[in-house]
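Colleague: one predicted model, sequence on top.
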Amino acid sequence: MNRMKTYYLSFFILLAPLVFFGQQKKDIKPILEKVTSFYDTTSRYNVAIKQTLLRGKTGNNISESYSGKFTKDKSYSKLELLNSEVVEFSNVRLIIDHDSKAIEYNKTSKGVSAPIDISGFLKHYEGSSLKSTEKQWICELNVKPSAAFVPCNKILLYINKDYHFVEKQVLFLSRELPFKTKGGKTEEDFGRLEISFTHDLTMSDKVNDKVSNYIQGSGSNMTSVKKYKGYKVVNLSNK
């Protein structure tokens with residue numbers, strides 16, 4: 001799994017979905033509440049995602065860049081990014097890794113994910129500053145002193161003032177990474193992950209997807225369907 005996939009999926013899946021606004025700056029709190037409300041109450045939308053890893057805490061030295069897509073249709077959502085898919089139904093989550101040809105199956109009671117989990121961030125980060133432009137709020141979140149083993153120590157959120165969705169987030173990574181120089185050498189440096197979100201709220205066609213499009217059978221007899229022939233199915237609901 002490449003490093004961009006590791007960082008993005010960790011934020012998309014692993015951060016606990018706990019609403020935790022209590023210790024935010026008073027001016028940031030209502031803005032973040034509106035962002036959470038937008039993703040909770042907007043039933044159908046598409047989001048084009050562009051993810052870029054840059055070297056250094058500032059500048060425009062691009063190391064890697066990828067595009068992806070997120071779709072939500074009521075109780076269904078699907079993230080397609082970095083040759084992986086995260087598909088969520090009302091009570092089932094599938095993680096499909098095309099590089100390793102594996103499908104992970106698990107039961108979930110979390111509900112549909114959003115392209116960005118604000119409430120998950122706020123378990124480990126707290127608001128420290130707020131800036132305003134004509135069309136955006138820019139919220140800076142810094143890691144709490146009590147947090148440990150988080151992949152980044154600061155987050156910037158660029159929030160649309162009209163609709164209250166996130167248009168961009170910047171994750172400042174807390175550990176140095178190996179970067180290739182123009183001469184082909186490897187150097188350690190800090191990096192930041194910049195992710196832009198372009199929202200389309202005009203979905204017209206209903207998504208027609210189901211678990212049986214990916215896997216068949218149940219329990220220990222669960223296997224992939226013909227489209228995913230050769231993919232190993234890992235049933236985590238049995239553990």
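Modeller: It's in.
Colleague: from residue 182, how far off is the residue nearest to residue 55 when sequence neighbours are not counted?
Modeller: Residue nearest to residue 55 in three dimensions, not counting chain neighbours: residue 61, with 4.3 Å by Cβ to Cβ, 6 or more residues apart in numbering. C-beta coordinates here come from the backbone N, C-alpha and C atoms, glycine included. Distance, residue 61 to residue 182, using Cβ to Cβ, to the nearest Å: 10 Å.
Colleague: what's the longest helix in this protein?
Modeller: helix 29-41 (DSSP state H).
Colleague: helices or strands up against the very next helix or strand once past that helix?
Modeller: Next along the chain after helix 29-41, taking DSSP states H and E as the criterion, comes strand 44-55. Applying 3 or more Cβ pairs under 8 Å, 6 or more residues apart in numbering; DSSP states H and E, we find strand 44-55 packed against helix 3-9, strand 61-73, strand 191-200.
Colleague: pLDDT weak spots in the chain?
Modeller: Counting by pLDDT under 70, the ranges of the chain that qualify are 1-26, 111, 239.
Colleague: switch the cut-off to 80
Modeller: Scanning the chain for pLDDT under 80 picks out 1-26, 109-113, 117-123, 147-149, 204, 238-239.
Colleague: list the buried ones in stretch 84-91?
Modeller: 84-89 (16 or more other Cβ atoms under 10 Å).
Colleague: which residues are contacting it?
Modeller: For stretch 84-91, the external contacting residues (Cβ atoms under 8 Å, 6 or more residues apart in numbering) are 5, 9, 12-13, 75-79, 93-99, 107-109, 112-113, 209-211, 214.
Colleague: now the helices and strands packed on strand 44-55 as TSV including distance to residue 140?
Modeller: Formatted as TSV, those follow (distance: least, Cβ to Cβ, whole Å):
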stretch	distance to residue 140
helix 3-9	19
strand 61-73	22
strand 191-200	13
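Colleague: which one, of those, ends up nearest to residue 30?
Modeller: Closest to residue 30 of the helices and strands packed on strand 44-55, according to Cβ to Cβ: strand 191-200, at 20.6 Å.
Colleague: helices or strands next to the closest one in the packing?
Modeller: helix 3-9, strand 44-55, strand 152-160, strand 166-173.
Colleague: including distance to residue 232 and mean neighbour count, could these go into TSV?
Modeller: TSV is the format used below for these (distance: least, Cβ to Cβ, whole Å; neighbours: other Cβ atoms under 10 Å):
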stretch	distance to residue 232	mean neighbour count
helix 3-9	18	18
strand 44-55	26	19
strand 152-160	31	20
strand 166-173	31	20
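Colleague: out of these, flag the one nearest residue 186.
Modeller: When the helices and strands packed on strand 191-200 are compared by Cβ to Cβ, strand 44-55 sits nearest residue 186, at 11.7 Å.
Colleague: tilt between that closest one and strand 166-173?
Modeller: Strand 44-55 runs at 30 degrees relative to strand 166-173, counting by axes from the mean of the first three to the mean of the last three Cα atoms, to 10 degrees.
Colleague: outside of strand 44-55, which residues touch it?
Modeller: Contacts for strand 44-55 (Cβ under 8 Å, 6+ apart): 3-4, 8, 60-74, 81-82, 115, 179, 189, 191-201, 203.
Colleague: backbone phi and psi for the residue in the chain sticking out farthest from the centre, please?
Modeller: What lies farthest from the middle of the chain is residue 183; by Cα atoms, centre = their mean that is 33.0 Å. Dihedral angles of residue 183 (phi, psi; degrees, to the nearest 10) stand at phi -80, psi 0.
Colleague: coming back round to it: and the longest helix of the chain, what does it pack against?
Modeller: helix 118-121, strand 125-132, strand 136-143, strand 152-160.
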